[in-house]
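Undergrad: Just need the structure, nothing else, for what follows:
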Amino acid sequence: MVGDDGPFGKLFRDGKWVVASVNSNPQASDTRFRESVCFNDQLQVISMRLLLSILFPFVLISQLAAYQPMVYKSGYSDKLLFPSKAPDRIILNLTETPETAVAVTWRTDTTVDAGFVEVVEASPTPDYPAQSRRVDATMQKLTVMGNSEPEIEAHYFSAVMDGLEPGKKYTYRVGDGEWWSEWLQFNTTNMEGDGLSLLYFGDAQNDIKSMWSRVIREAFRSYPDIGFMLHAGDLVNLPNSDLEWGQWHEAGGFLHAMVPSMMTPGNHEYTRNPVSLSKQWRPGFSLPHNGVPGLEETCYYVDFPYAKVVSLDSQIMISSEKYLTEQEAWLEELLGKNEKKWVIVTMHHPVYSTAPNRDNQQIRDALKAIFDKYGVDLVLQGHDHAYGRGDTKNLSTGVTMRDGEVGPIYVVSVSGPKQYKNDNAQWMSVSGQDLQLFQYIKILDDTLIYKAFTADAELYDQFELRKSTGGTNRIIE
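TA: Modelled structure (predicted):
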């Protein structure tokens, strides 16, 4: 086909434009076409290639400087590391009074310099945003660079939604007034009725996104109405790795933003030399400040209508004689004034370990007598990467119990894929190894129900504690 531009018309043939030259003799019996490269098009291609060859190095260098893309063996996207204007790593935390107040924390990039929470009692109608109230958040800048990771700068925001009513559902979102999260919902603790329930997780620590995600998600699918989640230390492997913290938040996803959490630090939340808490711990969580001074958000307690739940910082006990003594004295005073029916303690290092080479004599000497004296009911621990549950009635170091009565029940568990051998020590009634687990605990007035499940939601262990009027427990297995 001859084009409109005279004797040389454009013809599309074999996927490209060519120039058609038509014989000037219109009477010729055969019109011959001569194909040649269009010089104008060729010139455009050459010019474009030349321009790209000049600009590409500068574009590439600027992208590398600004974005610093990284390749990890599991192919995790950079969104786990780099913040944006939109809030991420949103997590609810328990306050000292969870029936009337809930804390929330989130992260943005450093261009965002203000943060707010909008909260309202949940409603079935879509006009609830207009009824919400705004709560100002505090901001903290964090600059961190983990091993083989780029430097990450972020603003962390935290706020407390207080003045809430017990046993109610609330809707909230976080943002700066322009960039907002989605609307999310949570329940405050009920003062009575359905009791208190929680999910307890041992060490997540390794391969967090790829292999721990299924555990926390299966736990929530099995028990979606729990009051809070408890993490017994070693949430990550490297304390200042922002990639690992990103994996931990990604694994829980919206669960962190809808179910309040409490956590106690493990040895992997601390650097060794010098001994220092993870840089992400205090900016990333909003936990109570009611424990030993200097150990805010690692040593603290939460009061529920039925129970007192206490976090002890066991790693700093091992590292500092000062903080060992101070936590020991603080716990003695706290439990001496306790009026709650049930007491649960969580800490990372076990009082009784699942392997002899991991014994924590220093912690046992400091704490076991206090647990016995004040009738601690349940001690939830991690660290040993195996499963063990039992008490000390069969040990010479145990308290003297009447038949059927038990003192503190000690549990060691692991939720991540890193596993150690279990030596089936005498203190354990049930033990296990090479298992990823989660635990469900429910308190109903005078009864505590405990169930341990494997990652595929198969029941592995269970018991009930029945509390007498005198405060002692009987165990039903």
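Undergrad: Which residue ranges of this structure form helices?
TA: Counting by DSSP state H, the segments of the chain that form helices are 39-67, 213-222, 242-252, 254-258, 281-284, 314-319, 321-336, 361-373.
Undergrad: ok, of those, where does mean pLDDT dip lowest?
TA: Set side by side, those give their lowest mean pLDDT on helix 39-67, at a mean of 51.
Undergrad: Report the separation between the two terminal residues of stretch 437-451.
TA: Separation of the first and last residues of stretch 437-451 by CA to CA, to the nearest Å is 10 Å.
Undergrad: residue contacts, Ala137?
TA: Residues touching Ala137, when contacts are defined by CB atoms under 8 Å, 6 or more residues apart in numbering, comprise 114-117, 157-159, 174. Bear in mind the C-beta positions are built from the backbone N, C-alpha and C, glycine included.
Undergrad: Try it again at 6 Å.
TA: Applying CB atoms under 6 Å, 6 or more residues apart in numbering to Ala137 gives the contacts 115, 157-159.
Undergrad: Would you mind measuring from it to Leu295?
TA: When CB to CB, to the nearest Å is applied, the distance between Ala137 and Leu295 equals 24 Å.
Undergrad: Pro224 now?
TA: Using CB to CB, which is the criterion applied here, Pro224 is 33 Å from Leu295.
Undergrad: Look at these two and report which has more neighbours.
TA: Counting neighbours by other CB atoms under 10 Å for Pro224 and for Leu295 shows that Leu295 has the greater number, 22 against 10.
Undergrad: Dihedrals phi and psi, that one?
TA: Main-chain dihedrals, Leu295, degrees, to the nearest 10: phi -120, psi 30.
Undergrad: who are the neighbours in contact with the residue lying closest to it once chain neighbours are set aside?
TA: With sequence-adjacent residues excluded and distances taken as CB to CB, 6 or more residues apart in numbering, Leu295 is closest to Asp313, at 5.3 Å. Under the criterion of CB under 6 Å, 6+ apart, the contact list for Asp313 reads 265, 295, 298-299.
Undergrad: and with 7 Å instead?
TA: Taking CB atoms under 7 Å, 6 or more residues apart in numbering as the criterion, Asp313 is in contact with 264-265, 295, 298-299, 327.
Undergrad: Next: His249.
TA: By CB under 7 Å, 6+ apart, the contact set of His249 is 89, 256.
Undergrad: distance of it from Ser213?
TA: Distance, His249 to Ser213, using CB to CB: 11 Å.
Undergrad: repeat for Ile90
TA: According to CB to CB, Ile90 stands 17 Å off from Ser213.
Undergrad: Settle it for me: which of the two has more neighbours?
TA: Of the pair Ile90 and Ser213, Ile90 is the one with more neighbours under other CB under 10 Å, namely 22 against 18.
Undergrad: Could you tell me which residues make contact with that one?
TA: For Ile90, the contact set (CB under 7 Å, 6+ apart) comprises 104, 106, 174, 181, 256-257.
Undergrad: Ser286: how many residues sit nearby?
TA: Neighbour count of Ser286, defined by other CB under 10 Å: 24.
Undergrad: Let me know the closest of the contacts of Asp313 to Leu94.
TA: Compare each of those with Leu94 using CB to CB and the shortest gap goes to Thr264, at 12.1 Å.
Undergrad: list the contacts for the closest one?
TA: Thr264 touches 232-233, 298, 311-313, 346-348, counting by CB under 7 Å, 6+ apart.
Undergrad: Equivalent analysis for Gly146, please.
TA: Neighbouring residues of Gly146 by CB under 7 Å, 6+ apart: 238, 240-243.
Undergrad: Can you tell me which of those residues has the most neighbours?
TA: Comparing the contacts of Gly146 by number of neighbours (other CB under 10 Å), Asp242 comes first, having 25 neighbours.
Undergrad: rewinding a little: which of the contacts of Ile90 tops the neighbour count?
TA: Neighbour tally across the contacts of Ile90 (other CB under 10 Å): the maximum, 29 neighbours, falls on Val104.
Undergrad: Beta-bridge partners for that one, please?
TA: Taking DSSP bridges, one obtains Leu92, Ala159 as the residues bridged to Val104.
Undergrad: what sits against it?
TA: When contacts are counted by CB under 7 Å, 6+ apart, Val104 touches 90, 92, 117, 159, 161, 174, 286.
Undergrad: Filter those residues down to the ones in strands?
TA: By the criterion of DSSP state E, membership of these in strands covers 90, 92, 117, 159, 161, 174.
Undergrad: Would you format the residues you listed as a markdown table with pLDDT and distance to Val411 included?
TA: Listed next are the ones in strands among the contacts of Val104 as a markdown table, based on pLDDT from 0 to 100; distance: CB to CB, whole Å:
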| residue | pLDDT | distance to Val411 |
| --- | --- | --- |
| Ile90 | 98 | 29 |
| Leu92 | 98 | 24 |
| Val117 | 98 | 35 |
| Ala159 | 98 | 33 |
| Met161 | 98 | 31 |
| Val174 | 98 | 34 |
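Undergrad: Looking at the residues you listed, which one is closest to Lys168?
TA: The shortest distance between Lys168 and any of the ones in strands among the contacts of Val104, using CB to CB, involves Met161 and amounts to 11.5 Å.
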